[in-house]
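# Fold the following.
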Amino acid sequence: MPVFSKITTTLSAVLALTSTVVHAAPLQPTAAPDHNYHLSTHRRHVGASNLEFVSYHPPSSYKTFHDGDHSLLSRSTNATHSLVSRAPAGPSGVSPEVEEAALSYLSQQTGLTKDSLKVRSGYTNDIGVTHVYMTQMLNGIPVTNGVANISFDKTGKVVAFGSNMVKPDQISPATPAFPQSAAIQSAQKALGISHYDAVPVTLSYVLQPAPSGTDPNRKWATLTHQFQLRNADTSKWVQAHVDATNPKQGKVVHVVNFVADAAYNVVEWSQQDPTWSGFKLLTDPQDTTASPNGWHVDTAGEHTDTRGNNVLSYFGQDMSKLSRLGKLTNGMLPEDITTSQQSSDGLVFDYEWDPTASPSTPQNMDVARVNAFYVTNKYHDTLYKYGFTEAAFNFQDDNYGKGGEGSDWVEMQVQAPGTNNANFATPPDGQPGHCNMFLWTQTTPMRDGDLENDIITHELTHGLTNRMTGGGTGACLGSTEAGGMGEGWSDTVAFWSEQNSTDEKPFALGSWVINDPKGIRSVLYSSDMSVDPYTYGTVATKNEVHAIGEVWATILIEAYWALVGARGFTPDITDSTKREGNVVFLQLLVDALALQPCDPTFVSARDAIIKADECRYGGENKCTLWNAFAKRGLGVNAAPKVYKDDKTVPEGC
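Numbering: from 1, shown residues only. Below you'll find the model as predicted:
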């Protein structure tokens, strides 16, 4: 199936958006950042009145074990060997026996009773590592910000454990005193979002610090009405939690923002934009393992336009006319939602770009939709090979019975209302992701972000990291530090997708759309510290997610070049079984997302990468990774909240 696309014949990477914070253009620091605050809260201004909301995220604890944890559940964890490898999975994605082992382990680690815990989801990856994700329960009601994850190796031993569950000092009654309908109206007014999404309203508890003036270590659990609000025309999509305990007033106490805006100061890559090698007509670029029915078949049937199982690439103003979960009436699109049809029979999309014309001309609009469709599908198929599969909560309309929730392709809105940015919303598994790609106004004619592949890749990676961290909720990168790391992962995968040799060049993101080789970040990413001087200690000077993300991307890219230096480079990035450094790097990045805790820190995410290498490669890259981390101040003794450089490596490295 020939598809017209951008230059590159290797990978047009895709971006998945974080689902817990709004990512916008970096703000200038106004005060010294409070780093205890980074770990547990996220402050944002929302709504027409620009009201300030503070979301609380209990700090997570995280442990990894070299040979498995033998200290607890020695018999039940060792007994899970046969359960992990042979027992059939239940509705959660793992067997009842593995659920029982995970709940028992979590109970002993946290001191919480097993009846206050519930397995939410889980899966076993290609190397036999089983990931189990759990939710805290109070009075039979889930705690939205009380989560944990446990990973068993193929022998049934616990190799990683993360939790931010706490026993609350005060729990509000389980019966709501404030009406559900009034709660929706209250949130609509406070957040400036008029449309109520069709996702059912449920009850949930939210853990919060006790009111000011009381013991700061005490935690309260507040009963809330939980629901989603979405304005498609303004890129607003949130999960709101309204206090259900006060019969007279419903206050918004917690907000999960599914939309993240990307502000790009970027690095260059092979075939980054139309100026590199022009356009190339690619024939059958789909991967039949990841997309067995090709790119143009979904549950509604076969299509001859830019839609299929993984993505709907379209132009239009109002996605609310699509029914919930992306399902269409008889497979028909609303009249004001336009896709690009094949230019000739046989699924050929061969449109010629006119760089002298406005992006909104019909011909250039077709080019934009086709390129966005190609890049998103290419990203889907490539990341699938590294573990972002149906069971691991990826984006597909039809999951082919392979686990996870379907009906959640990516809605790729080209030339969406807005300028000089892009964003991606990541709701929970089973709801479509939504990407808004904008025009950029720095040139005449304006330039279209849909033709700069690293921007699309950045956005799609928000979807990757938000879905895989915490087990498919889209709500586990909510603290300021974790949200910043989401930006860093997105920059890193965009960087990774544009490398084509061992020849290192400083990387800039978003350079073409703003017509500036320096791109949209404050540094060019490089392992040369005279070019990119950022270290873990730099976080102490940052208080905004994109700025924090630049530090995390710097550290990850340092690890990339260390692995490439040690293991070499292969252009065949679609074969994840290869052992060259660039392939190993992305495999470890994806594996670690499933291992790490909800709301990770730099330190816990580093530990998850080290553990991922131990699980998949027997730890053969341990010293390469530790030396790269230590070079950037994230050595063995680096500590959360302190943000001081440490260059210590383990003995023997």
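# For the rest of this, base every contact and every neighbour count on C-alpha atoms.
Will do.
# Can you tell me the closest non-neighbouring residue to T130?
Residue nearest to T130 in three dimensions, not counting chain neighbours: T124, with 4.1 Å by CA to CA, 6 or more residues apart in numbering.
# I'd like to know how many residues surround the one you found.
21 (other CA atoms under 10 Å).
# For it, what are phi and psi?
phi -110, psi 130 (degrees, to the nearest 10).
# Against A392, how distant is it?
Applying CA to CA, to the nearest Å, the value for T124 to A392 is 9 Å.
# Same question for L563.
25 Å.
# So for the two, which sits in the more crowded spot?
Neighbours per residue (other CA under 10 Å) separate L563 from A392, with A392 holding more: 28 against 23.
# Could you look up the SS state of that one?
Classification of A392 by DSSP: H, G, I helix; E, B strand; the rest coil places it in coil.
# so what's it up against?
For A392, the contact set (CA atoms under 8 Å, 6 or more residues apart in numbering) comprises G122, Y123, G404, R467, M468, G471, G472.
# So which of those belong to strands?
G122, Y123 (DSSP state E).
# Report the two of the contacts of A392 separated the most.
Comparing all pairs in those by CA to CA, the longest separation belongs to Y123 and R467, at 13.2 Å.
# ok, back up a step: is it true that the residue nearest to T130 touches S151?
No - T124 is beyond contact range of S151, at 9.3 Å (criterion: CA atoms under 8 Å).
# what do those two both touch?
Contact criterion CA under 8 Å, 6+ apart; residues shared by T124 and S151: T130, H131.
# just to revisit the earlier point, any idea how far the residue nearest to T130 is from K402?
Look at T124 and K402: by CA to CA, they are 12 Å apart.
# Then Q442?
In this view, Q442 and K402 are 45 Å apart by CA to CA.
# So for Y123 and R467, which residue has more residues nearby?
R467 (31 against 26).
# Next, the contact list for that one, please.
Residues near R467 by CA under 8 Å, 6+ apart: A392, F393, N394, T426, P428, D429, T473, G474.
# Output those in JSON lines; the columns should cover pLDDT.
JSON lines is the format used below for those (pLDDT from 0 to 100):
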{"residue": "A392", "pLDDT": "98"}
{"residue": "F393", "pLDDT": "98"}
{"residue": "N394", "pLDDT": "98"}
{"residue": "T426", "pLDDT": "95"}
{"residue": "P428", "pLDDT": "95"}
{"residue": "D429", "pLDDT": "96"}
{"residue": "T473", "pLDDT": "94"}
{"residue": "G474", "pLDDT": "94"}
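# How far off centre is the strand or helix carrying N371?
Counting by DSSP states H and E, the element that carries N371 is helix 362-385. Distance of helix 362-385 from its chain centroid, counting by CA atoms, centre = their mean, to the nearest Å, is 19 Å.
# just stretch 500-514 next, same as before
Chain-centre distance of stretch 500-514: 22 Å, with CA atoms, centre = their mean.
# from now on call the first residue 52
Got it, first residue is 52 now, which makes that one stretch 551-565.
# Give me the buried stretch members for it, please.
Buried residues in stretch 551-565, defined by neighbour count with 16 or more other CA atoms under 10 Å: N551, K556, P557, F558, A559, L560, G561, S562, W563, V564, I565.
# How about the secondary structure of the second one?
Which is K556. Going by three-state DSSP: K556 is coil.
# L575 is in contact with that one, correct?
No - contact between K556 and L575 fails when scored by CA under 8 Å: they sit 9.3 Å apart.
# how about low-confidence regions in this protein?
52-106, 120-138, 248, 263-265, 267, 283-286, 311-324, 326-329, 368-382, 395 (pLDDT under 70).
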